[in-house]
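Q: Predicted model and sequence follow; I will ask about them next.
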Amino acid sequence: MFFDTHAHLQWKSFDIDRESTIKRAKNHDVFNILNIGVDIDSSCKAIDLANQNPGFFATVGIHPHNANLLNEKTLKILKELSENRITVALGEIGLDFYRNFSPKEIQKEAFKKQLILASDQNIPVIIHNRQAESDILAILLEFKGKIKGIMHCFSGAIDFAQKSIDLGFLISFAGNITYPKAHNLREIVQQINLENILIETDCPWLSPQSVRGTRNEPCYLPIIAQEIAELKNLSLEEIAQATTKNSKKIFNIK
């Protein structure tokens, strides 16, 4: 049994075949799926999906691209949504200095406010990072011991991975570890302990190399797990068991 810890099945690209997508996931032993909010609307839709599908869970949050949407009203709504029984984390939140769709200072302010909310609610966070490692670490250090969570779709260096682990974060790998040029990511998989690893699709984006160019979906999660299994010299079943255990532990799922 696999746990896709980062999916966006509420996305419009799944409107035409969402039910069959979910069926395909189950046919490939992906029975747990965490759908991620990036704004209020997508957060509500993630909760709706979780309520409709056993084994599904949701996060709520404001993505750094949408940081300018965060205000007292949206914070209040996020607080209310975070108290739903199937909301297991706040996210995805963080910093994106590559696209810079929102000004950097506004991103930082939104990030900190949501970290405070997560700390108050005692729930983990899903971190989006793009070219903002030093700023993310500096902010997380302010919350050391108060926050735990996941570095989503990891693409940084080993130093960033280790410092994140030291702060109580797990490292989540997506389909990009299968790309020919992703040597550094494969080396990081080999260097960090399995107890610190999660797997995700980030669908509908980041399809694994063997299906690259097509829409990504949860049924491809075993491809990512197989890559990790080979790098760790373990069986696919061992990776499935370990990453599912890690997922349920970090999200406090009984």
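A: Now that the structure is in, tell me what you want to look at. Numbering: from 1, shown residues only.

Q: Can you give the strand pairings for the lengthiest strand in the chain, parallel or anti for each?
A: Using DSSP state E, we find that the single longest strand of the chain is strand 87-96. If you go by DSSP bridges, strand 87-96 pairs up with strand 56-60 (parallel), strand 125-130 (parallel).

Q: and the angle for the helix or strand that the last one is followed by with strand 87-96?
A: Secondary structure here is assigned by DSSP states H and E; on that basis, the next helix or strand after strand 125-130 toward the C-terminus is helix 133-142. Put simply, helix 133-142 runs at 140 degrees to strand 87-96, going by axes from the mean of the first three to the mean of the last three CA atoms, to 10 degrees.

Q: Please identify the buried residues of the longest strand of the chain?
A: Within strand 87-96, the residues that count as buried by 16 or more other CB atoms under 10 Å are Thr87, Val88, Ala89, Leu90, Gly91, Glu92, Ile93, Gly94, Leu95, Asp96. All C-beta spots, glycine's among them, are computed from the backbone N, C-alpha and C.

Q: Any chance of the residues you listed in JSON lines with distance to Lys113 as columns?
A: What follows is the buried residues of strand 87-96, written out as JSON lines (distance: CB to CB, whole Å):
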{"residue": "Thr87", "distance to Lys113": "17"}
{"residue": "Val88", "distance to Lys113": "20"}
{"residue": "Ala89", "distance to Lys113": "16"}
{"residue": "Leu90", "distance to Lys113": "11"}
{"residue": "Gly91", "distance to Lys113": "13"}
{"residue": "Glu92", "distance to Lys113": "15"}
{"residue": "Ile93", "distance to Lys113": "9"}
{"residue": "Gly94", "distance to Lys113": "13"}
{"residue": "Leu95", "distance to Lys113": "13"}
{"residue": "Asp96", "distance to Lys113": "16"}
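
Q: Tell me the one among these nearest to His6.
A: Glu92 (7.7 Å; CB to CB).

Q: what about that closest one, distance to Leu141?
A: Per CB to CB, to the nearest Å, Glu92 is found 20 Å from Leu141.

Q: likewise Lys254?
A: As judged by CB to CB, Lys254 and Leu141 stand 31 Å apart.

Q: Mind checking which of the two has more residues around it?
A: Leu141 (10 against 3; other CB atoms under 10 Å).

Q: Got the phi and psi for the nearest residue to the more buried one once chain neighbours are set aside?
A: Excluding its sequence neighbours, the residue lying closest to Leu141 (CB to CB, 6 or more residues apart in numbering) is Leu167, at 7.3 Å. Dihedral pair for Leu167: phi -90, psi 0, per degrees, to the nearest 10.
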